[in-house]
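**Q** For reference, the sequence and a predicted model appear below.
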Amino acid sequence: MNSISKYFSGLFTGIKSLIYGMSVTWKELWTKKVTQQYPENRKTLVISERWRSELTMPHDENNEHACTACGICEMNCPNGTIKVTPKFIETEDGKKKKILDTYQWDLGMCTFCNLCVLTCPSDAIQFRNTFENAVFTRGKLVQQLNQEGSKLREKKKEIPPKSPEGGLKD
Amino acid sequence: MILNYAQPLEVSNLTSWLDTFLRSGLPNFWVLFIEFVLVGALLLAAYAIIALILIYAERKITAFFQARFGPNRVGKWGLLQSVADMIKILLKEIIRINRSDRFLFFAAPFFMIVASVLTFGAIAFGKGLHAIDFNVGVLYVSAVSSLGIIGVLLAGWSSNNKYAMIGAMRSGAQFVSYELSAGFALMTIVVLSGTMQFSEMIEKQQYCWNIFNGHISSMVAFVIYLISGHAETNRGPFDLPEAESELTAGYHTEYSGLQFGFYYLAEYLNMFIIASIATVVFLGGYLPIQVHGWDGFNQAMNYIPTYVWFFGKTGVLIFLSLWVRWSFPRLRIDQLLNLEWKYLLPINLVNILIMVILVMTGLTLTDLFPGLF
């Protein structure tokens, strides 16, 4: 008797659950489509602020950046993506000073681990979410981040540093 | 009885005109010859076109069930997508597999497609659009549609590939089991309508479709037929022979190009064939909805051509099949055979008995309410 009632209850609960499943998919049929049609939706496309796809060195309106050419980012980079080339100049009071000559970053080698941004003592670099980085030759992936003729921002003018996007602040 | 109303848009007007035109100038043999060739060509063309439409419709509906758009790049709303796919498949290379049984390997897709086309011919698409109409039509359809399994088994055997072999064996077990249920479900309706000829079966359903006529018993037979038909076509929750995660692509793993296209086409057409036979047997085939005594309504319904009714009803059933496909999880092979041998078959046997009792004691709707239905 038990097995017979089990057979029939199994049958009917099975049918019930199947109908319930079909009602769920019926509702799903009329939901809004979630597909993002990428090249057409550029204007409305939302990429997360924390998305890391391009390393940049922000320059202010006087064409000044915050990089002291200390080379910590270069040391921390796990696969040698960054190449900081310093140069030495003599200041007015006769001191020798190390300043940034070129800051090269190779997009093709970068794993976007964010270690360079986290360890930068003067918050000179940061990652942006501009993701359309495709180019035709590998050489174009190597970018110089400091602009032509830019120089180090003076200490006095320095604004208290903000925490970098997505940075680990403790 | 059916010709009481004007049916201006019927194709039968055109075909009877063509027949009288040919007969006016040619001997009987040539008239028949030309007509046979025409019918054959039209059937093959319809076969291909329906498959293309089905593939497009399935991809779209599938996409909608998954909150996607589906194909929408080739042509307006992606309408040309399946045409483009067809051209691609025709241009692809047919690969010869080393150490395969070459003759059987190349013969297998033809078994599949021939079985499918033979069944396709027995479908009544509309009034006067019915190529094969035996007095044992139901028997013919269930016999001929079962030939497809030979193609599947041969493909699995001759590919010399373990995935193909296991897929074919699974398909064989599944097909043989579910063919039984499908046959019994059809027999239930044969008991009800008292004929095995499709055209007669359709005409008897003018005012009351078989699914309503035999009420409880017919409904159960309808559901069982849909389930087993679904299983026979290796689709939806019953797609074990092609279970991608386990068997690559099942029995057609080694096929490419046009031969793969044959399997693909046959799979979609089998879905259509199952739906259309369910339409003919349970839902009144190509007949419009008609109610006793509502002459104006009947006239209005009759202005809609019969082939539109047929494709409408079949389309609803195909949609149901897709709906089921995207709702239910796939069965394991033991669950699959459990469902057939422990549930569907016993229910079917009891059901056929109930139907016999209903018919013998006059409890069908047409017997109970002769004026209404």
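**A** Yes, it's here.
**Q** Helix, strand, or coil at the spatially closest residue to residue B:177 that is not a sequence neighbour?
**A** With CB to CB, 6 or more residues apart in numbering or on different chains as the criterion, residue B:177 has its nearest non-adjacent residue at 4.2 Å, and that residue is residue B:340. (Glycine included, C-beta is placed from N, CA and C.) Using DSSP: H, G, I helix; E, B strand; the rest coil, the structure places residue B:340 in helix.
**Q** isn't residue B:340 right up against residue B:181?
**A** Yes - counting by CB atoms under 8 Å, residue B:340 does reach residue B:181; the two are 6.2 Å apart.
**Q** Common neighbours of these two, please.
**A** Applying CB atoms under 8 Å, 6 or more residues apart in numbering or on different chains, one finds that residue B:340 and residue B:181 are jointly contacted by residue B:228.
**Q** Smallest distance to chain B belongs to which residue of chain A?
**A** residue A:25 (4.3 Å; CB to the nearest CB).
**Q** My read is that that residue contacts residue B:326, right?
**A** Yes - judged on CB under 8 Å, residue A:25 makes contact with residue B:326 at a distance of 5.8 Å.
**Q** Can you tell me, leaving aside adjacent residues, what's nearest to residue B:259?
**A** residue B:109 (4.5 Å).
**Q** What are the buried residues along the strand or helix carrying the one you found?
**A** Using DSSP states H and E, residue B:109 maps to helix B:102-121. If you call a residue buried by 16 or more other CB atoms under 10 Å in any protein chain shown, then helix B:102-121 has these buried ones: B:105, B:108-109, B:111-121.
**Q** just checking, what packs against that helix?
**A** Other elements packing on helix B:102-121 under the criterion 3 or more CB pairs under 8 Å, 6 or more residues apart in numbering or on different chains; DSSP states H and E are helix B:28-65, helix B:137-145, helix B:148-158, helix B:257-282.
**Q** how far off helix B:257-282 does that helix point, in degrees?
**A** 30 degrees (axes from the mean of the first three to the mean of the last three CA atoms, to 10 degrees).
**Q** buried set for stretch A:127-146?
**A** In terms of neighbour count (16+ other CB under 10 Å), stretch A:127-146 has its buried residues at A:127, A:143, A:145-146.
**Q** any chance of these in CSV, plus secondary structure?
**A** Putting these into CSV (three-state DSSP) gives the following:
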residue, secondary structure
A:127, strand
A:143, strand
A:145, coil
A:146, coil
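**Q** about what we covered before: intersection of neighbour lists for residue A:25 and residue B:326?
**A** residue B:65.
**Q** Isn't residue A:54 up against residue A:127?
**A** Yes - counting by CB under 8 Å, residue A:54 touches residue A:127, with 6.8 Å between them.
**Q** For chain A, what's its nearest residue on the stretch 201-350 of chain B.
**A** Closest approach between the stretch 201-350 of chain B and chain A, counting by CB to the nearest CB: residue B:327, at 4.3 Å.
**Q** For that residue, give me its contacts.
**A** A:18, A:21-22, A:24-25.
**Q** and the stretch 1-150 of chain B, which residues reach chain A?
**A** By CB under 8 Å from any CB of the partner chain, the part of the stretch 1-150 of chain B that sits against chain A consists of B:64-69.
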